[in-house]
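> Mind folding the following:
(2 chains)
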Amino acid sequence: MSATPLLELRGIDKSFGPVQVLRNVDFAVYPGEVTALVGDNGAGKSTLVKCISGIYPTDGGQFFFEGQPVTVNGPRDAAGLGIEVVYQDLALCDNLDIVQNMFLGREKRNGIVLDEATMEQLAGETLAGLSVRTVKSLRQHVSSLSGGQRQTVAIAKAVLWNSKLVILDEPTAALGVAQTAQVLELVRRLADRGLAVVLISHNMNDVFAVSDRIAALYLGRMAAQVKASEINHSQIVELITAGRSGDLGLPPENGAENGAEQAVTVTPGAPQ
Amino acid sequence: MRAGPSQEEVRRQNLGALLRYVHVHGATTRTELTSTLGLNRSTIGALTADLAAAGLVREGAPRETGRAGRPSLVVRPESDRVYAYALSIGVDQLRAARVGLGGRLLDQRGMTRPRGLGIVETVPLLAAFVKEMHESVPLDSVYVGGGVAVAGMVRREDGMVRLSPNTGWSDEPVADVLSAQLGWDRPFAVGNVADLSALAEHVRGVAVDSDNLIYVYGDVGIGAGIIAGGRPLSGHGGYGGEVGHMAVNPAGQRCGCGSRGCWESEIGEHALLRAAGRERLSGPDAVLTVVDAAARGDAMAQAAVRQVGDWLGFGVANLVNIFNPDTVIFGGTLRHVYIASAAQVRSRLNAMALAACREHVRLRTPKLGDDAALLGAAELAFEQLLSDPLDAAP
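Prediction:
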């Protein structure tokens, strides 16, 4: 696919007081690809996403967007670059309808009144462009939607703003089989339309089903970022649980330097 | 030696190209047609006028472009007027649809097909659907033909359905029986469900930008539609793509075809249900139940899905090594099986397929879902019209 990453992070550090959460993290995201971000609880996935979306300032490291160095000092900077995040809780308002939710805080105006017709048309076009057929009416309240439909609306909301990078945090958690398939297909379609997509998931089947690349975080460091066509399931599990797998991942001496000594070099007896 | 194509042949060729373009891409501006077809403006104008006079396309003003200057006219297919009938005979479903030019479903009917129901019983049911839909067709509409997707092997030269182990037929002239039932002279074209699903996904689905794709369709049996270099690969008699009978496990189960260890006896519905300890159940809903149980943590269902996923990857790796496709699509119940076992499928594929063959392969689920077979059957029905628009239009 594309040779230049849409977003590239180099050497990102982030600490909360004495706790260093991200350590010299490199991360690259390519247009037209789904990059899965995997890691155990506390590995730093959410922190990394919040650094990308401008919610947390970083302590060190560089951001490159479309090859150019940029600084992200807040969520507005990130949104200005075309970065949108769909959080696990979706941040939708139950008492508003689909159109109102999609334009919440960024309503289109016609003079001093809201331009409902244009907003409805844009919302409809966005959903149709994503081949979403599961939503019956755009004026349905979000409270009446199923989990999969809510996820769909949240993703469509992220796409509406001509975004270039969409980050999805556990989009299939708590969905049934049919809805999981629909959401994953939607995720794939975003990338096939040329967007860069970051998918955070604990489900290895979801990760392998739609990803082009897989990035594994281990205790705040990037253990490896590899193409999905070059790695297998047990290697990913080793990267997540031990930070390394065979030649992949963090070198053992980093573990010793951490004070973790042998602990890091102990890998599960799984076949390579 | 033959002289170059006559003016008449060139014109027919251009008419077909223009009609095919709007059939596939929908409403298109004259400007875009001019640049993509490589013809000059006045030629496009004349061709459009001919097709419009035949009632196949319609010209109209575009929606606001928001740009300065006179907007280019938009050419649209007459989707509401020009139509075909598309039928599908699956293992579990009988479906019939009226499909407008441009691939729009105008009307449809369907029912579940009890397993074991033979051709004698299915054709009248489909014919009844067609007659029912035919009653509500607007008067000025134009019928161009019909297509049938069958879960079975189809002889290319005459559409004879041969040996369809999972529907229990052998040598059935589906098209003839159907025409006789309806009493129409325009023949129905017949194709294999996997071949037609591949065609539909290639024309207007997930694989529009792909010229080398394999659509693996699964229910009880497994079949593949293969498009290589932009052309369907059907083999000498039209029976190619029977990947379900690729032998993968010499120590495996005996298959319905008489052989042992066929791919479909490792990844088909029966294999999954047997591994999950639910061999008394059958049908796509039973497959979904197993996938759902696996997602909810049922250990036996998880093991079954993993095992089937591993074999799925095994067969796909072989196909990837042989055909070097850029897209592999998992349709039918394999859509859910793939999503639930993608880690196994990918791992096995990465272990077995050659790096050069697999590096650009994309594993996908269908965009058109269960409509793919119907839309593919409609493509078959429209083919005559698209290759010679003015002659085929009544």
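
> what's in contact with stretch A:81-97?
A:7, A:49, A:52-54, A:65, A:70, A:72, A:100-101, A:104, A:138-143, A:150-151, A:153-155, A:157-159, A:161-171, A:173 (CB atoms under 8 Å, 6 or more residues apart in numbering or on different chains). Backbone N, C-alpha and C define where each C-beta goes, glycine included.

> just the buried members of these?
When the contacts of stretch A:81-97 are checked for burial by 16 or more other CB atoms under 10 Å in any protein chain shown, the buried set is A:7, A:49, A:52-54, A:65, A:72, A:100-101, A:138, A:142, A:150-151, A:153-155, A:157-159, A:163-171.

> Select from the contacts of stretch A:81-97 every entry located in helices.
With DSSP state H as the criterion, helices contain A:49, A:52, A:100-101, A:150-151, A:153-155, A:157-159 from among those.

> ok, which residues in chain A are in contact with chain B?
For chain A, the residues in contact with chain B (CB under 8 Å from any CB of the partner chain) are A:131, A:176-178, A:180-181, A:184-185, A:188-189, A:192, A:204-210, A:227-234, A:236.

> can we see that at 6 Å?
Contact residues, chain A versus chain B (CB under 6 Å from any CB of the partner chain): A:177, A:181, A:185, A:204-205, A:208-209, A:229, A:232-233.

> Which of those fall in strands?
Among the residues of chain A next to chain B, none falls in strands (DSSP state E).

> which of these sit farthest apart?
For the residues of chain A next to chain B, with distances taken as CB to CB, the pair at the greatest spread is A:Val177 and A:Ser229 (25.8 Å).

> Pull out the buried residues from the longest helix seen in chain A.
When chain A is parsed with DSSP H, its longest helix is helix A:177-192. Within helix A:177-192, the residues that count as buried by 16+ other CB under 10 Å are A:177, A:179-192.

> before we move on, what about stretch A:62-71?
For stretch A:62-71, the neighbour count (16+ other CB under 10 Å) marks A:63-65 as buried.

> Just the residues you listed: which are in strands?
Members of those lying in strands (criterion: DSSP E): A:63-65.

> mind giving me CSV with these and columns for pLDDT?
Listed next are those as CSV, based on pLDDT from 0 to 100:
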residue, pLDDT
A:Phe63, 94
A:Phe64, 94
A:Phe65, 95
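
> Reformat these as CSV; add distance to B:Ser88.
Putting these into CSV (distance: CB to CB, whole Å) gives the following:
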residue, distance to B:Ser88
A:Phe63, 52
A:Phe64, 50
A:Phe65, 48
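
> How about the residue nearest the centre of chain A: which residues does it bridge to?
With the centre of chain A defined as its mean C-alpha position, the nearest residue by CA atoms, centre = their mean is A:Ile167, 2.8 Å away. Judged by DSSP bridges, the bridge partners of A:Ile167 are A:Val85, A:Val198.

> Wait, it touches A:Val197, no?
No - with contacts counted by CB atoms under 6 Å, A:Ile167 stays clear of A:Val197, the gap being 7.7 Å.

> Just flag the most distant two among the ones in helices among the contacts of stretch A:81-97.
A:Ile52 and A:Gln100 (27.3 Å).

> Enumerate the residues of the stretch 151-300 of chain B near chain A.
With CB under 6 Å from any CB as the criterion, the stretch 151-300 of chain B meets chain A at residues B:291-292, B:295.

> what about stretch A:126-143, how long is it end to end?
One end of stretch A:126-143 sits 21 Å from the other (CA to CA, to the nearest Å).

> And the contacts of it?
For stretch A:126-143, contacts defined as CB atoms under 6 Å, 6 or more residues apart in numbering or on different chains pick out A:92, A:94, A:97-99, A:101, A:120, A:123-124, A:149, A:152, A:156, A:160.

> List only buried entries from those residues.
Buried subset of those (neighbour count, 16+ other CB under 10 Å): A:92, A:97-99, A:101, A:120, A:123, A:149, A:152, A:156, A:160.

> Whichever strand or helix holds A:Ala79 - what's its average pLDDT?
Using DSSP states H and E, A:Ala79 sits in helix A:75-81. In this model, helix A:75-81 has an average pLDDT of 91.

> where does B:Arg70 fall, helix, sheet strand or coil?
coil (DSSP: H, G, I helix; E, B strand; the rest coil).

> Please report how far it lies from B:Arg41.
Distance of B:Arg70 to B:Arg41, computed by CB to CB, to the nearest Å: 13 Å.

> These two - which one has more neighbours?
Neighbour count, other CB atoms under 10 Å in any protein chain shown: between B:Arg70 and B:Arg41, B:Arg41 has more, with 12 against 5.

> what sits against the more buried one?
With CB under 6 Å, 6+ apart, B:Arg41 has these contacts: B:Thr34.

> For it, give me phi and psi.
For B:Arg41, the backbone dihedrals are phi -60, psi -40 (criterion: degrees, to the nearest 10).

> So for it, what's the pLDDT?
Looking at B:Arg41, its pLDDT reads 89.

> Pull up the gap between it and A:Ile12, please.
Taking CB to CB as the criterion, B:Arg41 is separated from A:Ile12 by 54 Å.

> ok, now B:Ser341?
Distance from B:Ser341 to A:Ile12, by CB to CB: 34 Å.
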